[in-house]
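Chemist: Pasting a predicted model and its sequence here:
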Amino acid sequence: MRMAILGTRGVPANYGGFETFAEKLGGRLVQRGHDITVYSRDLSVPRGMRSYLGMRIVRLPAPQSKYFETVIHTLFSALHALTQHYDIIYVCNSANVPAVILLRLFGKRVVLNVDGLEWKRRKWSAIGRAYYRICAWTASRLPVHVVTDALVIQHYYQTAYGRYTTYFPYGTELDPVADDGTLAGLGLEPGRYVLYVSRLEPENNAHVVIEAYKSVHTDLPLAIVGDAPYASEYIASLRATIDPRVRFLGAVYGTGYQILRSHATAYVQATEVGGTHPALVEAMGFGNVVLANDVPEHRETLDDGGLYYRGAVELAARLQEVLDDAAFAADLRRRAQDRARRMYSWDAISDTYEKWLTGLCPPMPAAADVKEEDLSSVEIAGIPIHNVTFDEAVILITRWVADGTGGTVYTPNVDDVVKAHRRADFRNAVMGMRLRVPDGMGIIYGSRIAGSPLRGTVTGRLLPEALAAALGPSVGIAIFGGKPGAAEAAAKVLESKGARIAAALAPEMGFAIGSDEDVRLTRRLRESGAGIIFVCLGAPRQALWMAYHAAELPAVLVGVGAAVDVLAGKSPSAPAWMTRFGVEWAFRLYHEPRRLTPRYIWDDPRFFWWMLQQRAIRKSVRNDRTARD
């Protein structure tokens, strides 16, 4: 399964619940052999980070705006996702309904996690609350799979909108994390502090907790963990407290956050709106004494695993009770963790999610459904291009690797077709390939002009990752070519996705086919035992090298051009929307004007002229047949 997660700040998780959800579920799905991409905001994820825990990261810009950041970034993400071959696009947050509508217009399979009843949050203006209500109403009527993370929210959608939703709770880890000195660095001692964690926004009631703590007789500090990018005035009012026991620790993530969770005396969940609150579930998983604001969502999650309060006076009394009675506190810890183990284990939730998500996907066509002898082709300027989809190409190549029959696969683009008309040796090499698939929208547009449309592009730069995922670790993969250092860097990327790399080699610039260097490198490729070799030498050398060595290499050779350079981060990749709409040439021209200007001015227009001629000939032949009939 290939799934994209949209609508979060990204991974590694460093903000809130949806980010942790993406990290925990996505990482586990990768471990189980699935291909997961997480769309991330450029200011939330370090520049240059391309993967995390095996998940692919796509960084896109997002405006720093309280009201537009999420929506605009998710729209950018949706445009990028339209160019990819995802089985499922998982969108977080009902505010992202505009992106969901766009994805559905293009026929994408979408899951929408609507989160909570956001219009109840006091941080939103009247317009913001109205927008969330409209999005919730719209989501209930869209042909998508709607997910809720609380039964209370599920019930609301059923009663208010008549819409059935699928329920998946938030998860938690279950094993406490030993203190590594983090607590001392924060001025805390293990087992001697009360913890509050949340975004510091009014509806999360940090002010109520601070007010209640004034009446609690204890010398234990109250650790306030959290921040909020658009609530500076509210945060300033919180920091104005004169209680010296209150410590503002700011935002804490990763191991430090888990250590804080693991060693608190008690934890206060003061939020009043939302679905299953991640912080509450995590507090239960780490065995905290939990005191929760008495709202339906918290009772659903916590049940009898903690204490409830209404207002500052009751909270102060409940806190005093657990701080004064160690045996009672120990019993609450046990009950909270037992319930988390039964209901909210990330492993168990991931099991259920995986089964449900894979059930939404159409069954992957069996290899027998795509037969080589039944392949049709479309003639493009005299070169027959096999009319297969991306998935069908992956199935065929995977089968050839499995049965050991070998073969060569080439991905001609417009420039290759023009070059093939100039050089007979290159043309013969391309014609001799076992599989020729269209790379780039230029070829697709050309086939449409000619009147024999191809079914879709088989983008060469996407093949290494797709084939690595399909083959798994049982098949050795070799990479041959690319810029200096690219083969090794690309190998690491594929290894992070579970592939087994047998060799990563690159010849010196200007090497000659059949030279001593070529013989030596080819021998190393043969001895590596690789079942598939990604060849990245550029045209026409790539096709000529594959034709020259195919008989002596017991592997499937796949020409992927600059894919390895892009995968390794050595060459820039055009924005996905440019690839989608066939204008990637403009991006490449901007980056390589001297090399590409002659091609685009003199060579490529010739291709489209040939396509017009081909259309005219086809129409003439059809008219002659009609006249004879």
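Modeler: Perfect, I can see it now.

Chemist: show me where the stretch 51-200 of the chain has strands.
Modeler: 51-52, 55-60, 88-92, 110-113, 145-148, 166-167, 194-197 (DSSP state E, counting those that start in this stretch).

Chemist: Tabulate those strands (JSON lines), appending distance to residue 229 and mean neighbour count.
Modeler: Glycine gets a C-beta too; all of them are placed from N, C-alpha and C. Shown next, in JSON lines, are the strands of the stretch 51-200 of the chain (distance: least, C-beta to C-beta, whole Å; neighbours: other C-beta atoms under 10 Å):
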{"stretch": "strand 51-52", "distance to residue 229": "22", "mean neighbour count": "20"}
{"stretch": "strand 55-60", "distance to residue 229": "18", "mean neighbour count": "20"}
{"stretch": "strand 88-92", "distance to residue 229": "18", "mean neighbour count": "25"}
{"stretch": "strand 110-113", "distance to residue 229": "22", "mean neighbour count": "24"}
{"stretch": "strand 145-148", "distance to residue 229": "26", "mean neighbour count": "21"}
{"stretch": "strand 166-167", "distance to residue 229": "30", "mean neighbour count": "14"}
{"stretch": "strand 194-197", "distance to residue 229": "17", "mean neighbour count": "26"}
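
Chemist: I'd like to know which of these lies nearest to residue 420.
Modeler: Set against residue 420 and scored by C-beta to C-beta, the strands of the stretch 51-200 of the chain come closest in strand 55-60, at 33.5 Å.

Chemist: all strands in the stretch 251-400 of the chain, in order from the N-terminus.
Modeler: 266-269, 290-293, 307-309, 377-380, 383-386.

Chemist: looking at those strands, which is buried most?
Modeler: strand 266-269 (a mean of 27; mean count of other C-beta atoms under 10 Å).

Chemist: helices or strands next to it in the packing?
Modeler: strand 194-197, helix 278-285, strand 290-293, helix 311-324 (3 or more C-beta pairs under 8 Å, 6 or more residues apart in numbering; DSSP states H and E).

Chemist: Lowest mean pLDDT across the ones you listed, which one is that?
Modeler: Across those, helix 278-285 has the smallest mean pLDDT, namely a mean of 90.

Chemist: residues making contact with that helix?
Modeler: The list of residues contacting helix 278-285 from outside it, by C-beta atoms under 8 Å, 6 or more residues apart in numbering, reads 16-17, 20-21, 169-174, 195, 197-198, 261, 264, 267, 269, 271, 290, 292, 298, 301-302, 305-306, 336-337, 339-341, 344-345.

Chemist: what about the helices in the stretch 401-550 of the chain?
Modeler: 414-422, 424-431, 441-450, 463-471, 486-496, 516-527, 541-549 (DSSP state H, counting those that start in this stretch).

Chemist: Sorry, slip of the keys, the one I care about is the stretch 151-300 of the chain.
Modeler: Applying DSSP H, counting those that start in this stretch to the stretch 151-300 of the chain gives helices spanning 151-161, 182-185, 206-213, 232-239, 254-262, 278-285, 296-302.

Chemist: Format the ones you listed as JSON lines; extra columns: mean neighbour count.
Modeler: Output for the helices of the stretch 151-300 of the chain, formatted as JSON lines (neighbours: other C-beta atoms under 10 Å):
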{"stretch": "helix 151-161", "mean neighbour count": "17"}
{"stretch": "helix 182-185", "mean neighbour count": "15"}
{"stretch": "helix 206-213", "mean neighbour count": "22"}
{"stretch": "helix 232-239", "mean neighbour count": "13"}
{"stretch": "helix 254-262", "mean neighbour count": "19"}
{"stretch": "helix 278-285", "mean neighbour count": "27"}
{"stretch": "helix 296-302", "mean neighbour count": "21"}
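
Chemist: and of those helices, who's closest to residue 567?
Modeler: helix 254-262 (27.5 Å).

Chemist: for the closest one, what is the average pLDDT?
Modeler: Average pLDDT, helix 254-262: 91.

Chemist: Check which helices and strands that helix sits against.
Modeler: Applying 3+ C-beta pairs under 8 Å, 6+ apart, we find helix 254-262 packed against helix 182-185, strand 194-197, strand 222-225.

Chemist: Give the other helices and strands that the first one contacts.
Modeler: Right, helix 182-185. Using 3+ C-beta pairs under 8 Å, 6+ apart, the elements in contact with helix 182-185 are helix 254-262.

Chemist: how many other residues sit next to the residue lying closest to residue 54 once chain neighbours are set aside?
Modeler: Counting by C-beta to C-beta, 6 or more residues apart in numbering, residue 54 lies nearest to residue 30, which is 3.6 Å off, once chain neighbours are set aside. For residue 30, the count of nearby residues is 21 (other C-beta atoms under 10 Å).

Chemist: Please tabulate the helices of the stretch 401-550 of the chain in TSV, including the columns mean neighbour count, mean pLDDT and distance to residue 82.
Modeler: Listed next are those as TSV, based on neighbours: other C-beta atoms under 10 Å; pLDDT from 0 to 100; distance: least, C-beta to C-beta, whole Å:
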stretch	mean neighbour count	mean pLDDT	distance to residue 82
helix 414-422	21	90	22
helix 424-431	18	94	30
helix 441-450	21	87	13
helix 463-471	22	91	17
helix 486-496	20	91	23
helix 516-527	14	93	37
helix 541-549	22	94	29
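
Chemist: okay, these in TSV with distance to residue 228 next?
Modeler: As requested, the helices of the stretch 401-550 of the chain are exported to TSV (distance: least, C-beta to C-beta, whole Å):
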stretch	distance to residue 228
helix 414-422	51
helix 424-431	58
helix 441-450	43
helix 463-471	37
helix 486-496	33
helix 516-527	55
helix 541-549	52
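
Chemist: between those, which one is nearest to residue 240?
Modeler: helix 486-496 (47.1 Å).

Chemist: Mind checking the strands of the stretch 51-200 of the chain for the one nearest to residue 412?
Modeler: Residue 412 lies closest to strand 55-60 among these, at 26.6 Å (C-beta to C-beta).
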